[in-house]
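**Q** Sequence and predicted model, in that order:
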Amino acid sequence: MNCPASQQQPDRRRFVTGLIRWAAALSGMALIHPLLKFTGYTIKPKPRHVKITAPLPRSGVHAEREFFLFAETDRSKAWAISRTCTHLGCRVNFLEDKQLIECPCHQSRFTPQGKRLAGPAKKNLAVFPVEVQKDASGVVIGYVVTL
């Protein structure tokens, strides 16, 4: 059962037109992702809470994978500093003898408060909020860092 040539042309034309439309739609969707990244569109993750129980070491510095927790000598005030360098994302270290934070990759240096001192890094380290938990008598029993 052969179809006349006049019936095959519209079917082929419809198929090719549909194929071109699908290719255009897929190309458009492939271009949307880089465009959204270029405009800075991001979905912020939900905050995480990390609990550190007291007492902290005598130095007043507690190191975690993602942050340093610093506390004043009376332990009533605390702050947390990110361990991710703002230059290239290396994990920074706290040098207790020099009382500064240093990046092992390119030697960017920061104060214990996260302020940039030197190096190729242009921004300060991120600071995370810390809640100091106390018992009924006012003794510090822990710290909650919100990442």
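**A** Done, it's in.
**Q** what about residue 74, is that helix, strand or coil?
**A** coil (DSSP: H, G, I helix; E, B strand; the rest coil).
**Q** Give me the pLDDT value at it.
**A** Residue 74 carries a pLDDT value of 79.
**Q** do the one 4 residues further on as well
**A** The per-residue pLDDT reported for residue 78 equals 93.
**Q** cool, and residue 14?
**A** For residue 14, pLDDT reads 89.
**Q** Check which helix or strand it maps to.
**A** helix 5-38 (DSSP states H and E).
**Q** Tell me the buried residues in the helix or strand following that helix?
**A** Under the assignment DSSP H and E, the closest C-terminal helix or strand after helix 5-38 is strand 49-53. By neighbour count on 16 or more other CB atoms under 10 Å, the buried set for strand 49-53 is 50, 52. Placement of C-beta: from N, CA and C, glycine included.
**Q** And for stretch 65-78?
**A** The neighbour-count check on stretch 65-78 (16+ other CB under 10 Å) flags 66, 67, 68, 69, 70, 71, 75, 78 as buried.
**Q** For the last one, give its distance to residue 102.
**A** As for residue 78, its distance to residue 102 is 22 Å (criterion: CB to CB, to the nearest Å).
**Q** same thing with the fifth one?
**A** Look at residue 70 and residue 102: by CB to CB, they are 15 Å apart.
**Q** List the contacts of residue 120.
**A** Contacts here follow CB atoms under 8 Å, 6 or more residues apart in numbering; on that basis residue 120 touches 87, 106, 108.
**Q** Can you check the pLDDT for it?
**A** 95.
**Q** returning to what we had before: pull out the buried residues from the contacts of residue 120.
**A** So, by 16+ other CB under 10 Å, the buried ones in these are 87, 108.
**Q** pLDDT for the contacts of residue 120 - can I get that in CSV?
**A** Shown next, in CSV, are those (pLDDT from 0 to 100):
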residue, pLDDT
87, 93
106, 94
108, 96
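**Q** what's the closest of the contacts of residue 120 to residue 30?
**A** Relative to residue 30, the closest of these is residue 87; by CB to CB it sits at 31.8 Å.
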